[in-house]
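> what's the 3D shape of this:
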Amino acid sequence: MKKASFGKRLLAVFIDGLIFGAFDFALHDNTLLVLFIVYETILLSQWNGQTIGKKILGLKVVTASGGQLDWLKAFIRSLSKLLSAMPMLLGYFWMLWDDKSQTWHDKIAETFVVEA
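The predicted structure is shown next:
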């Protein structure tokens, strides 16, 4: 499994963010976070470990054994992104010096982002 680079992961998140920015603009309330968790949980568990951004960039999220995520693991990973974001995005940048190239939410859910 070839691990995904920081740049590709960042661009995939940016693409998914653009999609949800449009939803946020249309809804005018704070449901964006809940929608993003639902979006990511469904797609990661049902769409070969890929969100739209990851699919465009040829990335996918896999379990530690290289398998497909189930609903629970996808939900835990999506929800754990809140922890990665809290201390000035430190949990996201963690992959830059982690020997397994994992973010905090990857470590919590025991997942890896790899080239598809």
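
> And the strands in the protein, which stretches?
For the chain, the strands defined by DSSP state E cover 59-63, 111-115.

> what's the spacing between the residue most central in space within the chain and Lys2?
With distances taken as C-alpha atoms, centre = their mean, Ser78 lies nearest the centre of the chain, 6.4 Å away. According to C-beta to C-beta, to the nearest Å, Ser78 stands 23 Å off from Lys2. C-betas here are computed from N, CA, C, even on glycine.

> swap in Arg9?
13 Å.

> ditto for Leu32
Separation of Leu32 from Lys2 (C-beta to C-beta): 32 Å.

> what are the C-alpha coordinates of the helix or strand of the chain with the lowest mean pLDDT, in PDB please?
Every helix and strand of the chain was ranked by mean pLDDT, DSSP states H and E. The lowest is helix 6-27, at a mean of 83. C-alpha atoms of helix 6-27 as PDB (Å, rounded to 0.1, in the frame of the first residue of the first chain):
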ATOM      1  CA  PHE A   6       0.100  15.300   2.400                       C
ATOM      2  CA  GLY A   7      -0.500  17.500  -0.600                       C
ATOM      3  CA  LYS A   8      -3.000  15.000  -2.200                       C
ATOM      4  CA  ARG A   9      -4.800  14.600   1.000                       C
ATOM      5  CA  LEU A  10      -5.100  18.300   1.500                       C
ATOM      6  CA  LEU A  11      -6.400  18.800  -2.000                       C
ATOM      7  CA  ALA A  12      -9.000  16.100  -1.500                       C
ATOM      8  CA  VAL A  13     -10.200  17.800   1.700                       C
ATOM      9  CA  PHE A  14     -10.300  21.100  -0.200                       C
ATOM     10  CA  ILE A  15     -12.500  19.600  -2.900                       C
ATOM     11  CA  ASP A  16     -14.900  18.000  -0.400                       C
ATOM     12  CA  GLY A  17     -14.900  21.400   1.400                       C
ATOM     13  CA  LEU A  18     -16.000  23.200  -1.700                       C
ATOM     14  CA  ILE A  19     -18.900  20.800  -2.000                       C
ATOM     15  CA  PHE A  20     -19.900  21.500   1.600                       C
ATOM     16  CA  GLY A  21     -19.300  25.200   1.300                       C
ATOM     17  CA  ALA A  22     -22.100  25.300  -1.300                       C
ATOM     18  CA  PHE A  23     -24.400  23.400   1.100                       C
ATOM     19  CA  ASP A  24     -23.500  25.700   4.000                       C
ATOM     20  CA  PHE A  25     -24.300  28.800   1.800                       C
ATOM     21  CA  ALA A  26     -27.700  27.300   0.800                       C
ATOM     22  CA  LEU A  27     -28.700  26.200   4.300                       C
END
